[in-house]
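**Q** compute the structure for the input listed below.
(one chain, ligands or ions: 1)
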Amino acid sequence: MTRFLFIGGGNMAQAVIGGLCQAGTSADAIHVVEPADATRQLLAERFGVAASEAPTEAGSAAAQVVVWAVKPQTYPAAAASLGGRLAKALHLSVMAGIRSDALARDTGSERVVRAMPNTPALIGRGIAGLYARPAVDAADRALVSRVLAATGAVVWVGEEDQLDAVTALSGSGPAYVFYFAEALVAAGVRMGLDAAAARQLVLATFSGAAALAEARAEPLAVLREQVTSKGGTTFAALESMRADAVAEAISRAAEAAGRRAAELGRAAA
Ligand SMILES: NC(=O)c1ccc[n+]([C@@H]2O[C@H](COP(=O)([O-])OP(=O)(O)OC[C@H]3O[C@@H](n4cnc5c(N)ncnc54)[C@H](OP(=O)(O)O)[C@@H]3O)[C@@H](O)[C@H]2O)c1
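**A** Sure, this is the predicted structure:
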């Protein structure tokens with residue numbers, strides 16, 4: 001039985017713990033360090049896992065996999081409270097911006113995997129970019145993939161810096177989708193739809209189009225061309241977007257997110 005220690009028992013930790021329990025991990029194999037009384041109570045009620053306000057000797061000594069799920073700004077205090085007692089464990093961090101060098105240094109373990117998840121993980125529809133330090137072997141990678149399976153899909157990247165691009169696409173991406181969807185709903189209302197109908201039309205269009213693209217092998221550009229007959233309605237919309245340089249604006253926005261992710265990573269190092 002693999003023994004897990006979670007540092008932080010908030011939203012992201014609960015998504016992972018819920019998935020582990022559903023996949024058959026015994027609640028006895030999971031210990032959570034969580035300072036908030038209400039959250040500890042919720043963890044006990046919902047999952048039956050043991051939670052303590054501060055790290056315990058027993059919980060730390062037994063841990064084979066440590067999942068770091070505190071906010072990046074509370075990481076230094078959390079790491080200090082562990083005092084390097086977890087040097088033999090595999091460490092999986094979902095914290096934005098904390099570099100694997102810092103985790104390896106603070107934990108004394110080279111077996112560190114960094115994940116950049118996104119919020120749909122909370123309903124099992126997320127996608128996480130993963131980076132493993134060289135000391136992480138195939139068995140560790142498989143274990144991490146299993147741990148995160150219930151939160152959605154995973155994509156491994158070869159360089160840690162690529163996690164900044166992952167942040168720019170999928171980490172921050174749900175907000176871009178909401179932004180685009182908000183604008184479309186507002187346009188629908190201006191054209192006479194009621195807001196609830198417009199919201200339903202727009203959200204189903206996003207999920208349906210994404211599902212269609214996943215089901216087909218054609219490049220995205222080909223799928224777009226297939227629904228764009230010259231002189232038609234879609235053509236009119238795409239010509240308008242072209243004239244407004246929307247593609248370039250989206251590219252600049254994603255690059256701004258990537259630069260910010262890199263800056264935050266440097267600041268936390
Ligand atoms: N939510 C997402 O979709 C998402 C997406 C990508 C990345 N992430 C990353 O995932 C991490 C966790 O995010 P979250 O949304 O799960 O945050 P969250 O709900 O705020 O959970 C963090 C938990 O850690 C607890 N905590 C604070 N200091 C601690 C310490 N010293 N030791 C142990 N636990 C401590 C907090 O307790 P208090 O409330 O008492 O402070 C809180 O319950 C963050 O680093 C974030 O960047 C999250």
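
**Q** which elements pack onto the helix or strand of the chain with the lowest mean pLDDT?
**A** The helix or strand of the chain with the lowest confidence, counting by mean pLDDT, DSSP states H and E, is helix 57-62 at a mean of 83. Under the contact definition 3 or more CB pairs under 8 Å, 6 or more residues apart in numbering; DSSP states H and E, helix 57-62 sits against strand 4-7, strand 30-33. From N, CA and C alone the C-beta is placed, and that goes for glycine too.

**Q** how far out from the middle of the chain is whichever helix or strand comes after the first one?
**A** Spelled out, that is strand 4-7. On the C-terminal side of strand 4-7, the closest following helix or strand by DSSP states H and E is helix 11-22. From the chain centre to the centre of helix 11-22 is a distance of 13 Å (CA atoms, centre = their mean, to the nearest Å).

**Q** relative to the whole chain's centre, how far out is stretch 193-213?
**A** 23 Å.

**Q** so Glu53 is in contact with Arg40, correct?
**A** Yes. Between Glu53 and Arg40 there is a contact under CB atoms under 8 Å: 7.2 Å.

**Q** what touches both of these two?
**A** Contact criterion CB atoms under 8 Å, 6 or more residues apart in numbering; residues shared by Glu53 and Arg40: Glu34.

**Q** higher neighbour count, the two?
**A** Using other CB atoms under 10 Å as the criterion, Glu53 and Arg40 rank with Arg40 on top: 19 against 11.

**Q** give me the three-state assignment for the closest residue in space to the more buried one that isn't next to it in sequence.
**A** Leaving aside its sequence neighbours, Arg40 sits nearest to Ala51 (CB to CB, 6 or more residues apart in numbering; 4.0 Å). Following DSSP: H, G, I helix; E, B strand; the rest coil, the label given to Ala51 is strand.

**Q** what's the local residue count around Leu184?
**A** Leu184: 17 neighbours (other CB under 10 Å).

**Q** can you give me the pLDDT of the residue in the stretch 151-269 of the chain that the ligand sits nearest to?
**A** Taking CB to the nearest ligand atom, the ligand has its nearest neighbour within the stretch 151-269 of the chain at Gly171, 5.7 Å off. pLDDT, Gly171: 95.

**Q** which ones are touching it?
**A** For Gly171, the contacting residues are 96, 116-118, 129, 257, 261, by CB under 8 Å, 6+ apart.

**Q** from Val94, how far out is it?
**A** Counting by CB to CB, to the nearest Å, the gap from Gly171 to Val94 is 11 Å.

**Q** got any residues that touch both of these two?
**A** 116-117.

**Q** quick one, what contacts Arg199?
**A** Applying CB under 8 Å, 6+ apart, we find Arg199 in contact with 181, 185.

**Q** need the helices and strands packed on helix 57-62 in a markdown table (columns: mean neighbour count).
**A** Below are these laid out as a markdown table (neighbours: other CB atoms under 10 Å):
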| stretch | mean neighbour count |
| --- | --- |
| strand 4-7 | 26 |
| strand 30-33 | 24 |
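
**Q** ok, now how distant is the residue of the chain positioned farthest from its centre from Ala243?
**A** The outermost residue of the chain relative to its centre, with distances by CA atoms, centre = their mean, is Gly231 at 40.5 Å. Distance check for Gly231 against Ala243: by CB to CB, it reads 16 Å.

**Q** what's the answer for Gly59, then?
**A** Separation of Gly59 from Ala243 (CB to CB): 60 Å.

**Q** tell me how far the residue nearest to the spatial centre of the chain lies from the ligand.
**A** Closest to where the C-alpha atoms of the chain average out (CA atoms, centre = their mean) is Pro117, at 1.0 Å. Relative to the ligand, Pro117 is positioned 5 Å away (CB to the nearest ligand atom, to the nearest Å).

**Q** go ahead and confirm that residue touches Leu130.
**A** No. Assessed by CB under 8 Å, Pro117 is found out of contact with Leu130, at 9.4 Å.
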